[in-house]
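Visitor: only geometry, no sequence info:
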């Protein structure tokens, strides 16, 4: 939406968001998910890679929350509405495709059937919840809401920072080379802050993780 000639090549923008989201989702799941020890570094590095490759054309969102934030900032609500839906759909489809590729890699053959070990299945739940509680269905609304609150708060901070450093009046100016590294650094910091709930700060990733 905000990139030069973005409206002239909507298909290419959506394709790039789709491809980038595939790799992003794949990297998250293969590294153990958003609550794993590796997520704190894998997530920012994966974002840096896909944004560096595809960002010049698509804007490098790879996150429906970021796309929605850009849509609101641009204030071209009627003009960008269909484009918004196209980009978000591409991101979700990319996440689901990346999820399927991760399944093909992580699955093992056990008792004649292909399965994924429970240790490789990430959960968007507080890490204080035990497997026994999950199996027994003893997960309270309050425990689920803890993840929800942290997801909303950290996603808001992440999107607000992105909009600030990429804004026409608030960008780094000549030092724009530092924009992407600092965005990835903020993601790393938020991953460290919210490690215990396994939050992803990305609705597309959350859908992929939940489906997985």
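Guide: Arrived safely. This structure is a prediction, so every number in the text was calculated from the model and none was measured.
Visitor: most residues in a single helix of this protein, which one?
Guide: Ranked by residue count, the top helix of the chain under DSSP state H comes out as helix 77-106.
Visitor: beyond it, next helix or strand please.
Guide: For helix 77-106, the succeeding helix or strand toward the C-terminus, using DSSP states H and E, is strand 108-110.
Visitor: can you list contacts of that following strand?
Guide: Residues from elsewhere that reach strand 108-110, judged by CB atoms under 8 Å, 6 or more residues apart in numbering: 114, 115, 116, 117. Just so you know, the C-beta spots here come from the backbone N, C-alpha and C atoms, and that holds for glycine as well.
Visitor: gap between that strand and the chain center?
Guide: 29 Å (CA atoms, centre = their mean, to the nearest Å).
Visitor: let the chain start at 44 from now.
Guide: Let's use 44 as the start, then, which means that last one is strand 151-153.
Visitor: mean confidence score for that strand?
Guide: Predicted confidence along strand 151-153 averages 83 (mean pLDDT).
Visitor: in its sheet, what does that strand sit against?
Guide: Listed by DSSP bridges, the sheet partners of strand 151-153 and their directions read strand 156-158 (antiparallel).
Visitor: which residues does the partner strand contact?
Guide: Residues lying outside strand 156-158 but in contact with it, judged by CB under 8 Å, 6+ apart, are 150, 151, 152.
Visitor: roughly how far does the second one sit from residue 139?
Guide: Spelled out, it's residue 151. Going from residue 151 to residue 139 by CB to CB, to the nearest Å gives 22 Å.
Visitor: excluding its backbone neighbours, what's nearest residue 234?
Guide: The shortest distance from residue 234 to any residue that is not its chain neighbour, by CB to CB, 6 or more residues apart in numbering, is 4.4 Å, and that residue is residue 83.
Visitor: got the contact list for the one you found?
Guide: Contacts of residue 83 were listed using CB under 8 Å, 6+ apart, and they are 231, 234, 235, 238.
Visitor: what pLDDT does the last one get?
Guide: Per-residue pLDDT puts residue 238 at 70.
Visitor: ok, it - how many residues close by?
Guide: Residue 238 has 16 neighbours, counted by other CB atoms under 10 Å.
Visitor: show me which helix or strand of the protein is least confident by mean pLDDT.
Guide: Lowest mean confidence among the helices and strands of the chain (mean pLDDT, DSSP states H and E): helix 174-178, at a mean of 72.
Visitor: counting contacts, what elements does whichever helix or strand comes after it pack onto?
Guide: Proceeding C-terminally, helix 174-178 gives way to helix 184-209 as the next helix or strand, assigned by DSSP H and E. Using 3 or more CB pairs under 8 Å, 6 or more residues apart in numbering; DSSP states H and E as the contact criterion, the elements in contact with helix 184-209 are helix 107-117, helix 222-236.
Visitor: mind putting those into a markdown table with distance to residue 184?
Guide: Rendered in a markdown table, the data for those read as follows (distance: least, CB to CB, whole Å):
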| stretch | distance to residue 184 |
| --- | --- |
| helix 107-117 | 23 |
| helix 222-236 | 23 |
